[in-house]
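Engineer: this one's structure only:
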């Protein structure tokens, strides 16, 4: 069953940390009575945790050197002479 | 860190100091590469995009406004390059689209059941690939928001500066990306 649009909005705001203490408390007691809404919140939290948990990748070791090779010849203040 | 970056940028601006630029590359290469990798999805293109981002930063350093954070400017160049690249490629992102003959297929039905696997690491690897696949199926604007928010761990305000989009738009992109990923990961 689809959640109400308003519920979806509350869940998103809750996850984004956009609720003040009072709203948070209200929302928490609301989801206690609404398992479907609580379930959706759990799923979204889990999704976020999984995305955050993807391992970080690093630039290859040769990265900096290969950029430095591609840089234009150093600008010279006397360039007008040539 | 900020003071160091400011000094290095000044030196690059002044006379194109390449040693100072090398230090900047070393400071930011992993973040830039990571954004590129999550955006384009493979190491070869990621290196290409990340290198191009630094070369453009060097060539256009005059246009960098020192009142803004250097990383904001650099990440903007990076995400723009990646988005351009994605637009030129055949779009394969349509997370919500039905795959013919794949009804009922969700994250869990594709993965082996964890308790059948002897090695927990395998599950982790497969899970990671599944997440990466989900990210790559997101339309570029949602993908960018998700990568900056959850992989680079940036605030909505910073992302809004990088993408030059209102904060509410960034939030909407994060919400939609998150929702599409939730469906992809199939945790029903």
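Structural biologist: Everything's here; your move. Since this is a predicted model, take the numbers as computed values, not measurements.

Engineer: make it CA atoms for all contacts and neighbour counts henceforth
Structural biologist: OK.

Engineer: Residue 46: how many residues sit nearby?
Structural biologist: Just going to use chain A. 15 (other CA atoms under 10 Å in any protein chain shown).

Engineer: could you do chain B instead?
Structural biologist: Residue B:46, neighbours per other CA under 10 Å, totals 22.

Engineer: swap in residue B:76?
Structural biologist: Residue B:76 has 18 neighbours, counted by other CA under 10 Å.

Engineer: Likewise for residue B:89?
Structural biologist: Neighbours around residue B:89, by other CA under 10 Å: 10.

Engineer: Pull up the gap between it and residue B:40, please.
Structural biologist: Computed as CA to CA, to the nearest Å, the residue B:89 to residue B:40 distance reads 10 Å.

Engineer: likewise residue B:127?
Structural biologist: Using CA to CA, residue B:127 is found at 19 Å from residue B:40.

Engineer: same deal with residue B:24?
Structural biologist: Distance from residue B:24 to residue B:40, by CA to CA: 23 Å.

Engineer: One more: residue B:3?
Structural biologist: Residue B:3 sits 32 Å away from residue B:40, going by CA to CA.

Engineer: The two - which one has more neighbours?
Structural biologist: More neighbours surround residue B:40 than the other of residue B:3 and residue B:40, with 21 against 8 (other CA under 10 Å).

Engineer: So which residues make contact with the longest helix anywhere in chain A?
Structural biologist: Ordering each helix of chain A by length in residues (DSSP state H) puts helix A:35-52 first. Residues outside helix A:35-52 that contact it (CA atoms under 8 Å, 6 or more residues apart in numbering or on different chains) are A:3, A:7, A:11, A:15, A:31-32, B:128, B:131, B:150-151, B:178-179, B:181-182, B:185, B:187-188.

Engineer: And it, how far out from the chain middle?
Structural biologist: Relative to its chain's centre, helix A:35-52 lies at 14 Å (CA atoms, centre = their mean, to the nearest Å).

Engineer: again, but for stretch B:125-143
Structural biologist: So, by CA atoms, centre = their mean, the centroid of stretch B:125-143 is 11 Å from its chain's centroid.

Engineer: ok, then the element right after the helix or strand bottoming out on mean pLDDT in chain B?
Structural biologist: For chain B, using mean pLDDT, DSSP states H and E, the weakest element among its helices and strands is helix B:107-110, scoring a mean of 36. Moving toward the C-terminus from helix B:107-110, the next helix or strand (DSSP states H and E) is helix B:120-137.

Engineer: What's the mean pLDDT across the helix or strand following that next one?
Structural biologist: Sequence-wise, the next helix or strand downstream of helix B:120-137 (DSSP H and E) is helix B:140-146. For helix B:140-146, the per-residue pLDDT values average out at 96.

Engineer: Need the contact partners of helix B:140-146.
Structural biologist: B:39, B:79, B:83, B:86, B:135-136, B:159, B:170, B:173-174, B:176-178.

Engineer: Give me the contact status of stretch B:41-50 with chain A.
Structural biologist: Yes - Stretch B:41-50 comes into contact with chain A (CA under 8 Å from any CA of the partner chain), by way of residue B:47.

Engineer: Regarding stretch B:59-66, how distant is the last residue from the first?
Structural biologist: 16 Å.

Engineer: Touching it from outside, list them.
Structural biologist: Residues contacting stretch B:59-66 (CA under 8 Å, 6+ apart): B:6, B:12, B:13, B:70, B:73.

Engineer: could you give the angle of the lengthiest helix in chain B to helix B:120-137?
Structural biologist: The longest helix of chain B (DSSP H) is helix B:18-40. Per axes from the mean of the first three to the mean of the last three CA atoms, to 10 degrees, the angle that helix B:18-40 makes with helix B:120-137 is 90 degrees.

Engineer: can you pull the buried residues of helix B:18-40?
Structural biologist: B:18, B:20-25, B:28-40 (16 or more other CA atoms under 10 Å in any protein chain shown).
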